[in-house]
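Undergrad: Sequence below, structure please.
(one chain, ligands or ions: 2)
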Amino acid sequence: MPVLRMLQRVVGQMLQSPAGGYRAAVLPGRVLGTSSWHIPADANFHSGSLSGTDRPPRVLITGGLGQLGVGLANLLREHFGTDNVILTDIRKPSDQVFHSGPFIYSDVLDYKNLREIVVNHRITWLIHYGALLSAIGETNVSLAKAVNITGLHNVLDIALEHNLRLFVPSTIGAFGPTSPRDPTPDLCVQRPRTIYGVSKVHAELMGEYYYYRYGLDFRCLRYPGIISADSEPGGGTTDYAVQIFHDAIKNGKYECYLKPSTRLPMMYIDDCLRATLEVMEAPAESLSLRTYNINAMSFCPEELAQEVLKHMPEFQITYKVDSVRQAIAESWPMNFDDSNARKDWGWKHDFDLPELVTTMLSFLDPESRVAQAN
Ligand SMILES: NC(=O)C1=CN([C@@H]2O[C@H](COP(=O)(O)OP(=O)(O)OC[C@H]3O[C@@H](n4cnc5c(N)ncnc54)[C@H](O)[C@@H]3O)[C@@H](O)[C@H]2O)C=CC1
Ligand SMILES: CC(=O)[C@H](N)C(=O)O
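TA: Residues are numbered from 1 along each chain as shown. Ligands and ions are numbered 1, 2, ... in the order given. Below you'll find the model as predicted:
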């Protein structure tokens, strides 16, 4: 067959939506660069979920000791069993984390080690949390490039090679000043100005490319800023919305590094982790996109402070603007349009601003604060 016609046929097959009958090519990850466009007729989509098999998934979480990983492991262990969820990171786990389920050292830059863990533990789902976030990324661009881009490449290839279902979180930071910011839809201009945002757009596009070209079961949610009480944020622009609660309880005051009116989309951690499980379990045919915005609320520091004041009338907030994080925040969405997630796989948040504040304060100071509010 002439080369041009063959290419047209293969590209046509790739662009066809999976719902329309697209069948996947399965190629060993590390030979992708030399592969031809061969798509075996009998190849099919990979499934690592409970659907279609009576076994629970075997889950590996990279970068699992950050703000989100331990909570996700707890949730997944409740669903799939403790031993079916393996946390990995390059940091040393606390005694409590170490004794609560399997933990293994893994650097996402070490391809062979990661592959060995996947093989030895018969992993079927990979949740890729290892990353440098927005503010910390700007202080070490070369490390952020390595972890966020090379690490992602390793994970993609291993997921493809071993037929894994792969989840990679993206972020509101994947948008930039030229994106529509109020609200920001799933599909629009994405020209972020941080290395974090650039690496996340790259992850979205690479994951979708592997999905369309090879049938990798790639799923991605763009998280807003996540707020949690029992885990610390790892160096982002939205961290203020966690720190404010700790400082309010400890000192009765907080000095905020963003301007009072800086509005950003936010979410309580329980909603974020549940969304992650739900999109991983969603039937493939319900997903019209492979990358979805999810959202719960949007607020600015002065609105968050007002809500805290309802529980702690003596609370004081002052502002000392950090120009780097302020510039980042001003380039990000103010409101996030997550209507596709709601329509396609039934996404629904539980926590709005009042519930968030009550929950955070009662977790951090169970004795007095909620009592004052009630
Ligand atoms: N927390 C948030 O507000 C949001 C988080 N996300 C994404 O969710 C994921 C998890 O976020 P967090 O837990 O908040 O991040 P975090 O910064 O708290 O934790 C990241 C973890 O990655 C680990 N790590 C760094 N280099 C590594 C390497 N070479 N190999 C393996 N692990 C390495 C770190 O030790 C750390 O424990 C990230 O991909 C992040 O971009 C997206 C949007 C919002
Ligand atoms: C929104 C995020 O991705 C993260 N919390 C950050 O601020 O960098």
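
Undergrad: Which residue does the protein have closest to ligand 2?
TA: G236 (2.4 Å; Cβ to the nearest ligand atom). Heads up, the C-betas are built off the backbone N, CA and C, glycines and all.

Undergrad: so what's that residue up against?
TA: L133, S134, A135, I136, G225 (Cβ atoms under 8 Å, 6 or more residues apart in numbering).

Undergrad: wait, is it part of a strand?
TA: No: using DSSP: H, G, I helix; E, B strand; the rest coil, the assignment for G236 is coil, not a strand.

Undergrad: Residue numbering should commence at 880 henceforth.
TA: Sure, I'll start counting at 880 from here, so that last one is G1115.

Undergrad: Return the residues of this protein in contact with ligand 2.
TA: Neighbours of ligand 2 within the chain, by Cβ under 6 Å from any ligand atom: L1012, S1013, T1050, I1051, G1052, Y1075, G1104, G1115, T1116, T1117.

Undergrad: For the helix or strand containing Y1091, C-alpha coordinates in PDB please.
TA: Y1091 is located in helix 1074-1093, with elements delineated by DSSP states H and E. The C-alpha coordinates for helix 1074-1093 follow below in PDB (Å, rounded to 0.1, in the frame of the first residue of the first chain):
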ATOM      1  CA  ILE A1074       7.300  25.200  34.700                       C
ATOM      2  CA  TYR A1075       4.700  23.400  36.700                       C
ATOM      3  CA  GLY A1076       1.900  24.500  34.400                       C
ATOM      4  CA  VAL A1077       3.900  23.700  31.300                       C
ATOM      5  CA  SER A1078       4.800  20.300  32.600                       C
ATOM      6  CA  LYS A1079       1.100  19.600  33.400                       C
ATOM      7  CA  VAL A1080      -0.100  20.600  29.900                       C
ATOM      8  CA  HIS A1081       2.600  18.300  28.600                       C
ATOM      9  CA  ALA A1082       1.300  15.500  30.800                       C
ATOM     10  CA  GLU A1083      -2.300  16.100  29.600                       C
ATOM     11  CA  LEU A1084      -1.200  16.000  25.900                       C
ATOM     12  CA  MET A1085       1.100  13.100  26.200                       C
ATOM     13  CA  GLY A1086      -1.500  11.000  28.100                       C
ATOM     14  CA  GLU A1087      -4.100  11.800  25.500                       C
ATOM     15  CA  TYR A1088      -1.700  11.000  22.700                       C
ATOM     16  CA  TYR A1089      -0.900   7.600  24.200                       C
ATOM     17  CA  TYR A1090      -4.600   7.000  24.600                       C
ATOM     18  CA  TYR A1091      -5.400   7.900  21.000                       C
ATOM     19  CA  ARG A1092      -2.400   6.200  19.500                       C
ATOM     20  CA  TYR A1093      -1.900   3.200  21.600                       C
END
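
Undergrad: That one near ligand 1 at all?
TA: No: contact of helix 1074-1093 with ligand 1 (Cβ under 6 Å from any ligand atom) is absent, the minimum separation being 6.7 Å.

Undergrad: average pLDDT across that helix?
TA: For helix 1074-1093, mean pLDDT rounds to 98.

Undergrad: do you know how far the closest residue to N1214 other than its chain neighbours is from T941?
TA: Spatial nearest neighbour of N1214, excluding adjacent residues (Cβ to Cβ, 6 or more residues apart in numbering): P1062 at 4.1 Å. Distance of P1062 to T941, given as Cβ to Cβ, to the nearest Å: 31 Å.

Undergrad: Of the contacts of G1115 - the most surrounded one?
TA: Counting neighbours by other Cβ atoms under 10 Å, S1013 comes out on top of the contacts of G1115 with 28 neighbours.

Undergrad: Whatever residue of the stretch 1030-1179 of the chain ends up closest to ligand 1: neighbouring residues, count only.
TA: Nearest residue of the stretch 1030-1179 of the chain to ligand 1 (Cβ to the nearest ligand atom) works out as G1113 at 2.2 Å. For G1113, the neighbour count with other Cβ under 10 Å is 17.

Undergrad: same deal with A1108?
TA: Other residues close to A1108 by other Cβ under 10 Å number 15.

Undergrad: Might you report the residue contacts of it?
TA: With Cβ under 8 Å, 6+ apart, A1108 has these contacts: F1124, T1238, M1239, F1242, L1243.

Undergrad: Contact partners for the third one?
TA: Listed by Cβ under 8 Å, 6+ apart, the contact set of M1239 reads I1106, A1108, F1124.

Undergrad: Please tell me how far it sits from K1129.
TA: 13 Å.

Undergrad: so what pLDDT did V1068 get?
TA: 98.

Undergrad: sorry, that was for M885
TA: 43.

Undergrad: repeat for T1116
TA: 98.

Undergrad: Might one say that it is in contact with W1211?
TA: Yes: look at T1116 against W1211 with Cβ atoms under 8 Å: they come within range, at 7.3 Å.

Undergrad: Quick check: neighbours shared by the two?
TA: What both T1116 and W1211 touch, as defined by Cβ under 8 Å, 6+ apart, is the set G1052, L1143.

Undergrad: rewinding a little: next SSE downstream of the helix holding Y1091?
TA: Next element after helix 1074-1093 (DSSP H and E): strand 1096-1102.
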